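**Student:** this is a predicted model, with the sequence first.
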Amino acid sequence: MMKLFKQFSLSNLSLTVRFLTVSDAVLSVGLGLFGPIFAIYITQQIETENILGVIGIGTSIYLFMRSIGQMPLAIIIDKIKGEKDDFYVLLTGSIIFIIVPILYIFISEVWHLFAIQFIYGLGAALVSPTWLAIFTRHIDKGKEGLEWGIYQTTVDMSGAIAAPIGGFIASLYGFTAVMISASIIATISSIFIFAIRDDLRLKNKPNK
């Protein structure tokens, strides 16, 4: 049994894969704090007749922006050799994730929600293909299933832990405390991205 647990240890991963996994796990904690209670928060912040419909549209804006933004970005980063572009795009998306929870604090109108969801979707579009590209390049050959499994388990467990904590923070200190906590944790997540910088292939050359 102990041998099995050792196989799933983060120490078995390469430096880049390890820090990307930890970064995403920490981010999952941050976003997980307000995810389950987000709809309740919005119903308290915005006064409108069809608030549930508004929340649904806001979710669609996020997913639509994320979807249409990922493909062209993925094509661009594949055409540029090296990982300098990936690093800075990933960092930009991470900064957006830091800002979004703070912006949620100031929501009072429907258009506020739609605008923030648009920005949130843009951040996700920046992060998703670049994170996956870097992770894929640095994953150990022959251990793809194991390392993806370690990543997914770590991130899922982090989100599971964060969900009830966010509810407790909201009930004790209010929703603003949840959003500030999420922003701080997202900032910590971005620090792990900086930690992999020296391990990346940062020299960019266009494909011939």
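**Tutor:** Sure thing, it's come through. Small disclaimer: the values here were computed from a predicted structure and weren't measured.
**Student:** all helices for this protein, in order.
**Tutor:** Counting by DSSP state H, the segments of the chain that form helices are 2-7, 15-34, 38-45, 51-79, 84-105, 110-138, 144-173, 175-195.
**Student:** gap between Ser67 and Ala115?
**Tutor:** 18 Å (C-beta to C-beta, to the nearest Å). C-beta coordinates here come from the backbone N, C-alpha and C atoms, glycine included.
**Student:** for Asp78, that is, sorry about that
**Tutor:** Counting by C-beta to C-beta, the gap between Asp78 and Ala115 amounts to 30 Å.
**Student:** more neighbours, those two?
**Tutor:** Set Asp78 next to Ala115 and count neighbours by other C-beta atoms under 10 Å: Ala115 wins out with 15 against 12.
**Student:** before we move on, the earlier item: can you redo the helices of the chain as a markdown table with mean pLDDT?
**Tutor:** As requested, the helices of the chain are exported to a markdown table (pLDDT from 0 to 100):
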| stretch | mean pLDDT |
| --- | --- |
| helix 2-7 | 49 |
| helix 15-34 | 91 |
| helix 38-45 | 94 |
| helix 51-79 | 92 |
| helix 84-105 | 93 |
| helix 110-138 | 93 |
| helix 144-173 | 92 |
| helix 175-195 | 93 |
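**Student:** need the winner for burial among the ones you listed.
**Tutor:** Among these, ranked by average contacts under mean count of other C-beta atoms under 10 Å, first place goes to helix 15-34 (a mean of 22).
**Student:** now do it: distance to the chain's middle.
**Tutor:** Here the centre of mass of C-alpha atoms in helix 15-34, compared against the chain's by C-alpha atoms, centre = their mean, to the nearest Å, lies 7 Å away.
**Student:** gap between the residue lying closest to Ala162 once chain neighbours are set aside and Ala124?
**Tutor:** Leaving aside its sequence neighbours, Ala162 sits nearest to Gly32 (C-beta to C-beta, 6 or more residues apart in numbering; 3.2 Å). Here the criterion is C-beta to C-beta. By it, Gly32 lies 15 Å from Ala124.
**Student:** over to Ser94?
**Tutor:** When distance is defined by C-beta to C-beta, Ser94 is 11 Å away from Ala124.
**Student:** ditto for Thr153
**Tutor:** Taking C-beta to C-beta as the criterion, Thr153 is separated from Ala124 by 22 Å.
**Student:** check Glu144 too.
**Tutor:** Here the distance between Glu144 and Ala124 works out to 24 Å (C-beta to C-beta).
**Student:** then Tyr151?
**Tutor:** The span separating Tyr151 from Ala124 equals 17 Å under the rule C-beta to C-beta.
**Student:** contacts only, for Ser28.
**Tutor:** Residues in contact with Ser28, defined by C-beta atoms under 8 Å, 6 or more residues apart in numbering, are Val155, Asp156, Ser158, Gly159, Ala162.
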